[in-house]
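J.: no FASTA, just this:
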Ligand SMILES: *[C@@H]1O[C@H](CO)[C@@H](O)[C@H](O)[C@H]1NC(C)=O
């Protein structure tokens, strides 16, 4: 036989409210999920070509800084380039534009050519239009394949993380113009 003292009633009322509030908070978090883009995590593979044009009258990669000693190094240690490079579906410069690589790369290695890459892929086509991926990594450009971390993203790539594999498709040794194939693998929601 339960004894309903005032103490019991206050206590159980307290717990009822506590559970009600906890339940409500849990519920509203679930409601929030679609709004912030939480779904099932998935992996996407993106494939495109990056056109790094330094030589033309309208270069998409321009040197913006160097150290006084940069000239001494074959690796151009200390040089900084700003880029707004086209990303295309196929390797030809006339191939369909799917986005742009905007940011910078800098020679961060003395003995070999090792670039610090800090750039955003701004996509402009299809379901990725308006979304971005951010890459921050080391690019030893004379290696067959270079791996760089994808550290984040926006739009459909919110919470993105993954990696990019870069492979030089074409290089003009005289001008250093290059077309680089990118395979990007990202986890996102
Ligand atoms: C990408 O989105 C912009 C802005 O919404 C729009 O103007 C443009 O036509 C879109 N491009 C493609 C190729 O869908």
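T.: Perfect, thanks for sending it. Just so you know, these numbers come straight off a predicted model, no measurement behind them.
J.: ok, residue 100 - contacts?
T.: Neighbouring residues of residue 100 by Cβ atoms under 8 Å, 6 or more residues apart in numbering: 84, 85, 86, 87, 121, 122, 124. Using the backbone N, CA and C atoms, a C-beta is placed for each residue, glycine as well.
J.: let me redo that: residue 128
T.: Counting by Cβ under 8 Å, 6+ apart, residue 128 has contacts 46, 98, 99, 155, 156, 157.
J.: Closest one of the residues you listed to the ligand?
T.: Nearest to the ligand among those, counting by Cβ to the nearest ligand atom, is residue 98 at 8.6 Å.
J.: so how many other residues sit close to that closest one?
T.: Using other Cβ atoms under 10 Å, residue 98 has 21 neighbouring residues.
J.: now do residue 69
T.: 10.
J.: Enumerate every residue touching the spatially closest residue to it that is not a sequence neighbour.
T.: Of all residues not flanking residue 69 in the chain, residue 78 sits nearest, at 6.6 Å (Cβ to Cβ, 6 or more residues apart in numbering). Contact analysis of residue 78 by Cβ under 8 Å, 6+ apart lists 65, 66, 67, 69, 70, 106, 107.
J.: I'd like those residues as a markdown table, with distance to residue 178 appended.
T.: Formatted as a markdown table, the contacts of residue 78 follow (distance: Cβ to Cβ, whole Å):
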| residue | distance to residue 178 |
| --- | --- |
| 65 | 20 |
| 66 | 20 |
| 67 | 23 |
| 69 | 25 |
| 70 | 20 |
| 106 | 16 |
| 107 | 15 |
